[in-house]
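Asker: Build me a model from this:
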Amino acid sequence: MTQQENPSTDGVADDDLYLGTYSAHSDWGTGKTPSHSVIESVAAATETSPECMQPLYDVINPDALNQVFEPGYERYRQSPNGYVTFRYEGCDVTVHADGQTTVSLLDDTQS
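Answerer: As a prediction, this is how the structure comes out:
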């Protein structure tokens, strides 16, 4: 994982919302699914074992997430720049059609 700059959000200073942003890239054509990438990326960013995290399906349907980015899926071909964003394990998670998974650790004290 590589640490990247914090994203800007609605005019709020980056440091007020995020503790750090981590990014990983996967090739969806090699058998690694978007949902698998989310679990690995969040585990690495939070330094938590995947077995100790809540099930991903409590937050988002993993099969639907995988299908959205499946290479043969029509919407994928129409929008190669598409993405899905959701919250999971105290993080904002964004999965991009190009294989990028970005995890931004939220600062719970700012909620």
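Asker: Going by C-alpha atoms from here, please, whenever you check contacts or count neighbours.
Answerer: Fine.
Asker: Spell out which helix or strand contains the closest residue to Pro50 other than its chain neighbours, please.
Answerer: In space, and not counting its chain neighbours, Pro50 is closest to Ala43: 5.7 Å by CA to CA, 6 or more residues apart in numbering. Taking DSSP states H and E as the definition, one finds Ala43 inside helix 34-46.
Asker: And Thr21, by the same measure?
Answerer: In the assignment (DSSP H and E), Thr21 maps to strand 18-25.
Asker: still on that earlier bit, who's in contact with the residue nearest to Pro50?
Answerer: Contact analysis of Ala43 by CA atoms under 8 Å, 6 or more residues apart in numbering lists 49-50, 53.
Asker: if I look at it, how far off is Ala97?
Answerer: Applying CA to CA, to the nearest Å, one obtains 21 Å for the distance of Ala43 from Ala97.
Asker: Equivalent analysis for Met53, please.
Answerer: Distance from Met53 to Ala97, by CA to CA: 24 Å.
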